[in-house]
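Colleague: Quick one: sequence plus predicted model below, questions after.
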Amino acid sequence: MTQYDLAARLRAVSGSGITREEVSRWERGKRIPGPYWRGWLGKVLDISEYKFERAAAIARALRRTDHD
């Protein structure tokens, strides 16, 4: 699935605007999807919201250790 495809699917299910650029930031680790988008990502990708929550927590922890 391309970044464009994922953004389009997220827009379709959420009714909110999301761009391919934002998906790219998530993919490259520049940003972590917020709780709102993690829920929609779970629906679109058929992955439990818990897994996204856990991945976000790990990513935040890694960022903190990188900046220390």
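Modeller: Structure's in. What do you need? Numbers count the residues shown, from 1 in each chain.
Colleague: Quick test: name the residue nearest the centre of the chain.
Modeller: Geometric centre of the chain, nearest residue: Pro33, 3.8 Å, by C-alpha atoms, centre = their mean.
Colleague: three-state assignment of it?
Modeller: Assigned with DSSP: H, G, I helix; E, B strand; the rest coil, Pro33 falls in the coil class.
Colleague: where does it land on pLDDT?
Modeller: With respect to pLDDT, Pro33 scores 94.
Colleague: Where does pLDDT dip in this structure?
Modeller: The chain contains residues with pLDDT under 70 at 67-68.
Colleague: mind checking the longest helix of it?
Modeller: Scanning the chain for the helix with the most residues, using DSSP state H, yields helix 49-67.
Colleague: one step back: give me the phi and psi for the residue nearest to the centre of the chain.
Modeller: Main-chain dihedrals, Pro33, degrees, to the nearest 10: phi -60, psi 140.
Colleague: List the residues that contact it.
Modeller: By C-beta atoms under 8 Å, 6 or more residues apart in numbering, Pro33 lies in contact with Trp26, Leu41, Phe52, Ala56. Backbone N, C-alpha and C define where each C-beta goes, glycine included.
Colleague: Quick one: neighbours of the last one, just the number.
Modeller: Here the number of neighbours of Ala56 (other C-beta atoms under 10 Å) works out to 15.
Colleague: Now do the buried residues in stretch 15-26.
Modeller: Using 16 or more other C-beta atoms under 10 Å as the test for burial, stretch 15-26 gives Ile18, Glu22, Val23, Trp26.
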